[in-house]
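Undergrad: Turn this into a model:
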Amino acid sequence: MVGGATGLTGPVVILFHLGGQGSAAANRANTLVFLTLLSLLLLPQLALQGLLSGPAIGLGLLQLLPYAAGSRLGQALFDPARETLYRRSAYVLIAAAVILGLPKG
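TA: Below you'll find the predicted structure:
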């Protein structure tokens, strides 16, 4: 419901995972899978709305490179032994995403 109303599905799911008892490694893996699948599952809806033009698809394919690079960098920097740092960093990033996503007015 929050995702449909605000477009901020990711932070809600991430908070749900962080609030549980799962390990940081499991939370990170679940979040990456969820966000990747969500993005892929949105493609048919975008196509039905006529938003998948050639330039949009090209731009999307181009964005796979930084997405993959960011995932690899995150994998290299991630240390499951520093779970407290991971959780605190995630909370800060979520708060920043929510604040930056608020309407200006």
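
Undergrad: Past the least confident helix or strand in the chain by mean pLDDT, which element shows up next along the chain?
TA: Of all helical and strand segments in the chain, the minimum by mean pLDDT, DSSP states H and E falls on helix 2-6, at a mean of 67. Going down the chain from helix 2-6, the next helix or strand is helix 9-18, by DSSP states H and E.

Undergrad: Moving C-terminal from that next one, which element do we reach first?
TA: Where DSSP H and E defines the elements, the next helix or strand beyond helix 9-18 is helix 24-48.

Undergrad: any idea of the angle that following helix forms with helix 9-18?
TA: With axes from the mean of the first three to the mean of the last three CA atoms, to 10 degrees applied, the angle from helix 24-48 to helix 9-18 works out at 160 degrees.

Undergrad: For the helix or strand where residue 98 lies, give the mean pLDDT please.
TA: Using DSSP H and E, the element containing residue 98 is helix 83-101. Helix 83-101 shows a mean pLDDT of 86.

Undergrad: same for that helix, what does it pack against?
TA: With contacts taken as 3 or more CB pairs under 8 Å, 6 or more residues apart in numbering; DSSP states H and E, helix 83-101 sits against helix 9-18, helix 24-48. (Each C-beta comes from the backbone N, C-alpha and C, glycine too.)

Undergrad: Looking at those, which one is packed in the most?
TA: Most buried of the helices and strands packed on helix 83-101, by mean neighbour count (mean count of other CB atoms under 10 Å): helix 9-18, with a mean of 16.

Undergrad: Give me the contacts around that one.
TA: For helix 9-18, the external contacting residues (CB atoms under 8 Å, 6 or more residues apart in numbering) are 2-3, 27, 30-31, 34-35, 38, 87, 90-91, 94, 97-98.
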